[in-house]
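Peer 1: Below is the sequence, then the predicted model.
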Amino acid sequence: MAGLALAAGQAAHARSCTEQGKECDSWASGPNTHFKPACKKEIGACIARCKQGQKYFLGVSVGNQYPIDTCK
């Protein structure tokens, strides 16, 4: 249930790979702590993808794509 609320909130406004990574890291606490390393890794992957024109942050839990405006 918390993941659904997070996903809805993330799609509401555009952000950078780093900002989305911070959201991911915040989500990855408590029972989701094991996702923290994946959140950090995805920031770099997001930046590389974004520079190639694929502007999305790949969610680490179920692979949702969150839109990104800037590649930083």
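Peer 2: Great, that's in hand. Given the structure is predicted, the values throughout are model-derived calculations rather than measurements.
Peer 1: so residue 57 sits in a strand?
Peer 2: Yes - counting by DSSP: H, G, I helix; E, B strand; the rest coil, residue 57 falls inside a strand.
Peer 1: Point out where the protein drops to low pLDDT.
Peer 2: 1-14 (pLDDT under 70).
Peer 1: all helices in it, in order from the N-terminus.
Peer 2: 2-11, 17-27, 36-51 (DSSP state H).
Peer 1: shouldn't residue 28 be in contact with residue 40?
Peer 2: No - contact status for residue 28 versus residue 40: not in contact, 9.3 Å apart, counting by Cβ atoms under 8 Å. C-beta coordinates here come from the backbone N, C-alpha and C atoms, glycine included.
Peer 1: neighbour-wise, which of the two wins?
Peer 2: The neighbour comparison of residue 28 against residue 40 (other Cβ atoms under 10 Å) goes to residue 28, with 19 against 14.
Peer 1: how close does the closest residue to residue 28 other than its chain neighbours get to residue 25?
Peer 2: Nearest in space to residue 28, with sequence neighbours left out and distances taken as Cβ to Cβ, 6 or more residues apart in numbering, is residue 35 at 4.0 Å. Per Cβ to Cβ, to the nearest Å, residue 35 is found 9 Å from residue 25.
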